[in-house]
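>>> how would this look folded up:
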Amino acid sequence: MAEDSDAYIRTLFKGGSIVFAGLIVELGVSFLAKVISAQLLEQAAFGSVEIGLTVMGVLSTILLFGLNTVLARTLPRLDTPRQKREQFFSALYITVGASLTVGAVMVISAPWIAVNVFEDPSLTRVLQIFSIGIPLAAVTQLLLGGIQGIKDPVAKVTTQNLT
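Residues are numbered from 1 along each chain as shown. This is a model prediction of the structure:
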């Protein structure tokens, strides 16, 4: 009984250590990137980049429709690799289709959004550039849900924190 408890504690500590180390690296790189960006860009340009990142992050999260969480919760409950593969690819098709559509709409409507929402026509190009990243961000989040569903902390940390 004590051996089982020790094994569980070692497993938890190992997985937690990997996730913690990845989080520290991610936060450090993110902080450095923001500091460098703030030093290299003018104040208005830095603000534009932050707006673009925020728009991309919000839209890519909404476009997931919670499918990343669904994968994380249901993949461990499925019995066969075939069922897991079918569930993953169904979620992937939905996410890719929706995110490509919204990304394209954002690229086309960026001039209108820049003027009417942000009241800054200079944001048009920034919004268009970050709109191209919407599908990539959405698919990355979906992959994280799938990796979490197969319970592989190293793959999750590599995908989420280091890429």
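
>>> how far away is residue 32 from residue 122?
26 Å (C-beta to C-beta, to the nearest Å). Any C-beta I mention is one placed from the backbone N, CA and C, and that applies to glycine too.

>>> for residue 131, same thing?
16 Å.

>>> So if I had to pick from these two, which one is more boxed in?
More crowded of residue 131 and residue 122, by other C-beta atoms under 10 Å: residue 131, with 23 against 11.

>>> check which helix or strand covers the more buried one.
For residue 131, the enclosing helix or strand under DSSP states H and E is helix 124-132.

>>> Also residue 105?
Assigned by DSSP H and E, residue 105 belongs to helix 81-116.

>>> which of the residues in that helix are buried?
84, 87-88, 91-92, 95, 98-99, 102-103, 106, 109-110, 113-114 (16 or more other C-beta atoms under 10 Å).

>>> and which of those is nearest residue 5?
Residue 5 has its nearest neighbour among the buried residues of helix 81-116 in residue 84, at 30.2 Å by C-beta to C-beta.

>>> For the closest one, give me the pLDDT.
pLDDT for residue 84: 90.

>>> And the residue nearest the centre of the chain?
In the chain, the C-alpha nearest the mean C-alpha coordinate belongs to residue 141, at 3.7 Å (C-alpha atoms, centre = their mean).

>>> Please report the distance of the nearest residue to that residue once chain neighbours are set aside from residue 87.
Of all residues not flanking residue 141 in the chain, residue 68 sits nearest, at 5.1 Å (C-beta to C-beta, 6 or more residues apart in numbering). Separation of residue 68 from residue 87 (C-beta to C-beta): 12 Å.

>>> likewise residue 7?
The gap separating residue 7 from residue 87 is 30 Å, by C-beta to C-beta.

>>> Any figure for the gap between residue 61 and residue 68?
Residue 61 sits 9 Å away from residue 68, going by C-beta to C-beta.

>>> what's the overlap in contacts for these two?
Jointly contacting residue 61 and residue 68 under the rule C-beta atoms under 8 Å, 6 or more residues apart in numbering are residue 141.

>>> Who has more neighbours out of these two?
Higher neighbour count among residue 61 and residue 68: residue 68, with 24 against 14, using other C-beta under 10 Å.

>>> what comes up buried for the longest helix along the chain?
Counting residues, the longest helix found in the chain (DSSP state H) is helix 2-40. Neighbour counts over helix 2-40 (16+ other C-beta under 10 Å) mark 15, 18, 19, 22 as buried.
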